[in-house]
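Sequence first, then the predicted structure:
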Amino acid sequence: MRCRPARMLVVATMVTSASLGSLALAGIVGPSSTAGASAPPSVTRIAPITGPAGTSIPLSIHGHGFDTTVGATTVSFSGTPAVSVDCASPSLCKVVTPNLVAGTVSVTVTTDGTPLNSETFTVTSYSAPLVRIVLNAKRNAVFSVHQLVDSYPAPGGLGNDAVVIENRTAVSRTVTNSSVGSMTTAPGDSYSFTLLADDGPYVFFTTGSPTSALTVKARNPA
């Protein structure tokens, strides 16, 4: 008879210990889940971090907590609004930059009226591909390409490419291309033109010389 109360006491102690363990576990897990759910929206990075002056380019903004409702999340570049903002998910917004002057600007995302931490975007000088008309060893006019692919749209026109033709010979040269037809450039002068969105991705140049053909691969506009 004396052993039975002892057994009952041990069982009661084990149940109490298990209950305390469950309570302690709940106390550890609960606050951690609540803290993660209440993390405020923020920006982690932007890509790219540089772009040319006087034109618009696509830019991706990564982070969390972006409101995906149309118009609820806005983006500005040192106060100048982005051309467009599309937040497909709470962690990614696709924007198109406005025309900016060379220098450093601050990219600010505002979601539900709250400005988030800003990121830095560097605006560089725009440089179009340069095609030079030169003479080879046989005194025939040929092309020398300074930059084969135009990485950015032309200034002032989203989705366009610019090309510069420069005559490095001693006489005027007439060049024909598939975009604007024939053009004559005086010695030492240059001629710049913009390719429309449907003129890419290849632009052809010809002169009257035996080795006359050149193909420049322009960026295929999105």
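Received the coordinates, thanks. All of these numbers come straight from a predicted model, not from anything done at the bench. Residues are numbered from 1 along each chain as shown.

List the contacts of the closest residue to Ser78 other than its chain neighbours.
Leaving aside its sequence neighbours, Ser78 sits nearest to Val105 (CB to CB, 6 or more residues apart in numbering; 4.1 Å). Every C-beta, even on glycine, is put in place using the N, C-alpha and C of the backbone. Shown in contact with Val105 (CB atoms under 8 Å, 6 or more residues apart in numbering): 77-78, 80, 120-123.

What of Ala39?
When contacts are counted by CB under 8 Å, 6+ apart, Ala39 touches 64-65.

coming back round to it: hmm, which of the contacts of Val105 are the buried ones?
For the contacts of Val105, burial is judged from neighbour counts taken by 16 or more other CB atoms under 10 Å, and it is met by 77-78, 121, 123.

Show me the two of those that sit farthest apart.
Taking CB to CB, the two most distant members of those are Ser78 and Val123; they sit 9.6 Å apart.

Find residues that contact each of the two.
Counting by CB under 8 Å, 6+ apart, the shared contacts of Ser78 and Val123 are 100, 105.

tell me which residues in stretch 79-87 are buried?
Of the residues in stretch 79-87, 82, 85, 87 count as buried by neighbour count, 16+ other CB under 10 Å.

Could you single out the nearest of those residues to Thr73?
Within the buried residues of stretch 79-87, distances to Thr73 taken as CB to CB reach their minimum at Cys87, with 4.9 Å.

For Ala128, which non-adjacent residue is spatially closest?
In this structure, Ala128 finds its nearest non-sequential neighbour in Ala162, 3.7 Å apart by CB to CB, 6+ apart.

quick one, domains of the chain?
Following automatic domain parsing, the chain resolves into domains at 42-124, 130-217.

Within its sheet, name the partner strands of the helix or strand Val109 falls within and how each one runs.
With the criterion set as DSSP states H and E, the secondary-structure element containing Val109 is strand 103-111. The sheet places strand 103-111 alongside strand 73-77 (antiparallel), strand 114-115 (antiparallel), strand 119-124 (antiparallel), with pairing taken from DSSP bridges.

after the worst-scoring helix or strand of the chain on mean pLDDT, next one along is what?
Across the helices and strands of the chain, mean pLDDT, DSSP states H and E gives its lowest value to helix 3-37, namely a mean of 44. In the C-terminal direction, the helix or strand that comes right after helix 3-37 (DSSP H and E) is strand 42-47.
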